[in-house]
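1. Quick check, what structure comes out for this input:
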Amino acid sequence: MVPSSPRPKRLRITLTFSAYPIQASLGALGRKWALHVLMHIALGRAQRFNELLRATPGMSKRILALRLRDLERNGFLVRAEQRPGYLRWQLAEKGADVVPVLLTLLHFGAKWRQEGPPPIDEAGSSARTFQVAYAPGGARRTSRTPPKGPG
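-> Sure thing, here's the model as predicted:
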């Protein structure tokens, strides 16, 4: 009879934070549509209310107003220009610090979210690139399901 080796002990790491970093990060950013709003403003696709609404199909006016208010209150956005009938947002310093995280999420989504056979590029790679997934209209194109055929 061969003696069984003892199970290795699990290494237990204890970290103590006064406020958990994930909770702090996801406080305002974890809300639905918040990252979409930041992404559009960061990449210059939209900076005004109606532009943001058009750039994000499926988001209601009420939710957009709430997200803009939350992001502004939490220091991610500032009002860049405001006059009667015109309001434009831009990233605050805190919002600019989120841009690398947004780009990483976009890259991850472009690589792993695929519908149908992935396109093959010149190098023979089948993963979609950030440029392909985020081309004008590309984000909407990739998120829609193909229309059903007859029958």
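2. element containing residue 8, please.
-> Using DSSP states H and E, residue 8 sits in no helix or strand.
3. Now it: phi and psi?
-> Main-chain torsions, residue 8, degrees, to the nearest 10: phi -70, psi 140.
4. any idea how far residue 89 is from it?
-> 52 Å (Cβ to Cβ, to the nearest Å). C-beta: built from backbone N, CA, C; applies to glycine.
5. try residue 51
-> Applying Cβ to Cβ to residue 51 and residue 89 gives a distance of 10 Å.
6. likewise residue 21?
-> Using Cβ to Cβ, one gets 26 Å for the distance from residue 21 to residue 89.
7. Outline the domain layout of the chain.
-> Domain assignment for the chain by automatic domain parsing gives 27-94, 98-145.
8. Pull the contacting residues for residue 47.
-> Residue 47 sits next to 41, 80, 88-90 when contact means Cβ atoms under 8 Å, 6 or more residues apart in numbering.
9. Save those residues as CSV, and put in secondary structure too.
-> Formatted as CSV, the contacts of residue 47 follow (DSSP: H, G, I helix; E, B strand; the rest coil):
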residue, secondary structure
41, helix
80, strand
88, strand
89, strand
90, strand
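10. Residue 8 and residue 89: which is more packed in?
-> residue 89 (25 against 6; other Cβ atoms under 10 Å).
11. Leaving out sequence neighbours, find the closest residue to the more buried one.
-> residue 77 (4.8 Å; Cβ to Cβ, 6 or more residues apart in numbering).
12. Return the per-residue confidence for that neighbour.
-> Per-residue confidence (pLDDT) for residue 77: 95.
13. Look up how far residue 11 lies from it.
-> 41 Å.
14. So between the two, which is more surrounded?
-> A count of neighbours by other Cβ under 10 Å puts residue 77 above the other of residue 77 and residue 11, at 24 against 5.
15. give the contact list for the more buried one.
-> 38, 41, 68, 71, 89-92, 95 are the contacts of residue 77 under Cβ under 8 Å, 6+ apart.
16. What subset of these is buried?
-> Burial by neighbour count, 16 or more other Cβ atoms under 10 Å: within the contacts of residue 77 this picks out 38, 41, 68, 71, 89, 91-92, 95.
17. so where's the protein shaky on pLDDT?
-> The chain contains residues with pLDDT under 70 at 1-6, 15-19, 114-151.
18. all helices in this protein, in order from the N-terminus.
-> For the chain, helices defined by DSSP state H occupy the ranges 21-29, 34-42, 49-55, 61-73, 93-96, 99-112, 130-133, 138-143.
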